[in-house]
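Enquirer: predicted model and sequence below, questions to follow.
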Amino acid sequence: MYRSTYHLAECGGLRTQIQKVNSITSKKRHGLHDEALPGSESKYNGRGYFDLQQQAQSLGELLGAIRNTRQCQVFKVIYNTYDWLYEALDNHVYGVMGSFFAMGSDTSGLCRPSEALKRMNALQRTLTFVDQHLAINTSDMWRGNILKHFSNVSAGTIGQDLVNNGQDLVVDAKSSAVIQKIGKFYWNLISQEIVGFNPIKLSFESRYGSQRRHKGDVNAEDYTSHAELKALCSIVGPYGVKAIQSVVLSNLTQNIVDMKKIISTNAVYLNQLDFVDVKSWWGNVQRVNDKDDFLDQAIQVGRYLQFVSILKSAQRSVQDDDIPFVSQIVQLVMRRIQSDGKIIPGKQLCNVLTDSGVEDPMYDHGVKTIFQRVFPGTDKQLQTHLPKMFACLFLSTKWKSTRFEPQSEGFNTGVECVITTIQTLVPAICDTEEKSMEVLKNFVILSAYALLHMNSKAEAGTREMRDYHIPSMMVFMSKFMETCKGMSMHVLEECLPYTLMRTKIIEIYEQVRHQAAEGP
């Protein structure tokens, strides 16, 4: 009993012991020992691992003393050792977990999720070591701290709407600053002008081009690759993924509102716009204002939707590894819904599917609610103006500098995100699937007429078309048709001959081949 009391007198150093074990176990085995100094080559090379064993033995003796002593008295105060230890561990885990994503002295930065996952695993191994000696429920402690740091109260629980009763989505003041920081970091990352989506890698990447890269610049691929997002989902869980989505979605609303304002401002000119007649089209399309601003807002909305898509994909991969049975049930439900057109899932089922990692925007009520509030489905005139506005974007200033890059299957200005915006926005604001297909077909037909007119002017050598790259626009429409569900290529071929489009696309690849043959 005296020995137990003696060890308990040293209980103040328990946190220090845990921190030491935590820091040592997080290091790689081959890097445990310090660099050899001159004259010390003959020393035991694995002394770092030996120190780890000594720390573990000391911690084991301390935990053994606590196990054998239910209570201890310090002066006139009697302590329950289990309650004291649980509280001490809970406070320590909360503090360490809050620093998982810390990046040294840079408070605004964020370490890579894979590095944060290593720190989490090191802490979890320490708790497992403690749990092996004492009957302390560390799993509840772990889950509670995960929810404290990586959840947002306003986002709701699994199965609830991100936006309730048409109210604005705001980040709750009581939610953890850690998940807010993660959400804002990713929003700022994908909002950068130099960041674009790579359809081959299925991640965002920083395209510096001729711009100079500074020391503190972050490469978007280091944070949005599948492996990094999978590590992020392993840490934050489904609640955290929903919280990140809520933080990003709260910043997205303004982009959608700005798009609606531009359409309303140009309503008169869009009514007069006739895409069939060349003279009428060219005269009225010049009157449409803020085409570049509208394109920028559409790109930003598309970036958010693509980010959510790859985040959901990473979440599904984690669920396939950790809870394969539940993941298979979700897949079976989706197959049943898709195979039987008569099954219309309710809102709660849609929310559960979305929170389980389903990417289909048709079931994402959070995104649909935001779109429907700004673009109400009852506004029939808006559904007429929307495809015209998107078809006018080919004459924006940004398209002058836009070029298709075959090596990444993307565009240097990120306009491929507009495809995602159109294919998500239109079904969200239309009452029926037939109506959404009608609006999408109108966009394809109007865009085909616009490209035909621009191509004829370019072949005639007009000055207005000198800077526009028509082949890149053809690739844009081709990719739109490839990813548009329920629409075949013949809709585009009725207005835009396939031979013309094929010839223009071949020009791009021929140019790349010649550049590769010539060398740098």
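Expert: On my side now, so go ahead.
Enquirer: going forward, measure contacts between C-alpha atoms and count neighbours the same way
Expert: Noted.
Enquirer: now the helices: where do they sit in the stretch 1-150 of the chain?
Expert: Assigned by DSSP state H, counting those that start in this stretch, the helices in the stretch 1-150 of the chain fall at 2-9, 14-25, 47-68, 81-97, 113-133, 138-149.
Enquirer: turn those into JSON lines, including mean pLDDT and mean neighbour count.
Expert: Shown next, in JSON lines, are the helices of the stretch 1-150 of the chain (pLDDT from 0 to 100; neighbours: other CA atoms under 10 Å):
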{"stretch": "helix 2-9", "mean pLDDT": "38", "mean neighbour count": "14"}
{"stretch": "helix 14-25", "mean pLDDT": "50", "mean neighbour count": "17"}
{"stretch": "helix 47-68", "mean pLDDT": "69", "mean neighbour count": "17"}
{"stretch": "helix 81-97", "mean pLDDT": "83", "mean neighbour count": "16"}
{"stretch": "helix 113-133", "mean pLDDT": "85", "mean neighbour count": "18"}
{"stretch": "helix 138-149", "mean pLDDT": "84", "mean neighbour count": "16"}
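Enquirer: I'd like these as CSV, with distance to Leu332 appended.
Expert: Shown next, in CSV, are the helices of the stretch 1-150 of the chain (distance: least, CA to CA, whole Å):
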stretch, distance to Leu332
helix 2-9, 55
helix 14-25, 41
helix 47-68, 47
helix 81-97, 36
helix 113-133, 31
helix 138-149, 29
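Enquirer: so which of those helices gets nearest Glu510?
Expert: Closest to Glu510 of these is helix 113-133 (CA to CA; 40.2 Å).
Enquirer: wasn't Phe204 part of a strand?
Expert: Yes: counting by DSSP: H, G, I helix; E, B strand; the rest coil, Phe204 is found in a strand.
Enquirer: spit out the contact partners of it.
Expert: For Phe204, the set of contacting residues under the criterion of CA atoms under 8 Å, 6 or more residues apart in numbering consists of 190, 195-198, 220-221, 224-225.
Enquirer: next structured bit after the longest helix seen in the chain?
Expert: Secondary structure of the chain per DSSP state H: the longest helix is helix 226-265. If you walk from helix 226-265 toward the C-terminus, the next helix or strand you reach (DSSP states H and E) is helix 267-272.
Enquirer: which strands and helices lie in contact with whatever helix or strand comes next after that following helix?
Expert: Later in the chain than helix 267-272, the nearest helix or strand by DSSP H and E is helix 278-285. Using 3 or more CA pairs under 8 Å, 6 or more residues apart in numbering; DSSP states H and E, the elements in contact with helix 278-285 are helix 267-272.
Enquirer: the longest helix of the chain versus helix 81-97: what angle between them?
Expert: An angle of 60 degrees separates the directions of helix 226-265 and helix 81-97 when computed by axes from the mean of the first three to the mean of the last three CA atoms, to 10 degrees.
Enquirer: mind listing what's buried along helix 226-265?
Expert: Of all the residues in helix 226-265, those buried under the rule 16 or more other CA atoms under 10 Å are 226, 228-250, 252-253, 255-260, 262-263.
Enquirer: what is that helix packed up against?
Expert: Partner elements for helix 226-265 (3+ CA pairs under 8 Å, 6+ apart): helix 113-133, helix 177-190, helix 291-322, helix 365-374, helix 380-392.
Enquirer: next, the angle helix 177-190 makes with it.
Expert: Here helix 226-265 points in a direction 70 degrees away from that of helix 177-190 (the same axes, to 10 degrees).
Enquirer: ok, Ala102 - contacts?
Expert: If a contact means CA under 8 Å, 6+ apart, then Ala102 has 109-111 as its contacts.
Enquirer: again, only using 7 Å
Expert: Residues in contact with Ala102, defined by CA atoms under 7 Å, 6 or more residues apart in numbering, are 110-111.
Enquirer: same check on Phe411?
Expert: For Phe411, the contacting residues are 402-405, taking CA under 7 Å, 6+ apart as the criterion.
Enquirer: on the three-state scheme, Thr402 is what?
Expert: The three-state assignment at Thr402 reads coil, by three-state DSSP.
Enquirer: let's have the chain start at 229 instead
Expert: Sounds good: first residue 229 from here, last item Thr630.
Enquirer: that one contacts Gly642, correct?
Expert: No: contact criterion CA atoms under 7 Å: Thr630 and Gly642 do not qualify, at 8.4 Å.
Enquirer: neighbour-wise, which of those two wins?
Expert: Set side by side, Thr630 and Gly642 give different neighbour counts by other CA atoms under 10 Å, the larger being at Gly642 (23 against 19).
Enquirer: in a strand, the more buried one, correct?
Expert: No: when the secondary structure is assigned by three-state DSSP, Gly642 falls in coil instead of a strand.
Enquirer: next, work out how far apart it and Asn365 are.
Expert: For Gly642, the distance to Asn365 equals 49 Å [CA to CA, to the nearest Å].
Enquirer: top of the contacts of Phe639 by neighbour count?
Expert: Phe632 (24 neighbours).
Enquirer: wait, that residue touches Ser700, no?
Expert: Yes: with contact taken as CA under 7 Å, Phe632 and Ser700 are classed as touching, separated by 5.2 Å.
Enquirer: picking that back up, now the longest helix of the chain against helix 593-602, angle please.
Expert: Angle between the axes of helix 454-493 and helix 593-602 is 10 degrees (criterion: the same axes, to 10 degrees).
Enquirer: show me how far helix 454-493 is from its chain's centre.
Expert: Distance, stretch centre to chain centre, for helix 454-493: 7 Å (CA atoms, centre = their mean, to the nearest Å).
Enquirer: and Ser675, what pLDDT?
Expert: Residue-level confidence at Ser675 comes out at 90, pLDDT.
Enquirer: can you get me a residue count around it?
Expert: Ser675 is flanked by 26 other residues according to other CA under 10 Å.
Enquirer: with neighbour count and distance to Ala656 as extra columns, can I get the contacts of Phe432 in JSON lines?
Expert: Rendered in JSON lines, the data for the contacts of Phe432 read as follows (neighbours: other CA atoms under 10 Å; distance: CA to CA, whole Å):
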{"residue": "Ile418", "neighbour count": "22", "distance to Ala656": "23"}
{"residue": "Val423", "neighbour count": "21", "distance to Ala656": "27"}
{"residue": "Gly424", "neighbour count": "26", "distance to Ala656": "25"}
{"residue": "Phe425", "neighbour count": "30", "distance to Ala656": "23"}
{"residue": "Asn426", "neighbour count": "19", "distance to Ala656": "25"}
{"residue": "Ala448", "neighbour count": "21", "distance to Ala656": "29"}
{"residue": "Glu449", "neighbour count": "19", "distance to Ala656": "30"}
{"residue": "Thr452", "neighbour count": "27", "distance to Ala656": "26"}
{"residue": "Ser453", "neighbour count": "19", "distance to Ala656": "28"}
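Enquirer: so where's the stretch 479-628 of the chain shaky on pLDDT?
Expert: Along the stretch 479-628 of the chain, the parts satisfying pLDDT under 70 run over 566, 568-583, 585-594, 605-607.
Enquirer: now the helices and strands packed on helix 454-493 in TSV, with distance to Glu433?
Expert: Compiled in TSV, the helices and strands packed on helix 454-493 are given as follows (distance: least, CA to CA, whole Å):
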stretch	distance to Glu433
helix 341-361	16
helix 405-418	9
helix 519-550	12
helix 593-602	24
helix 608-620	25
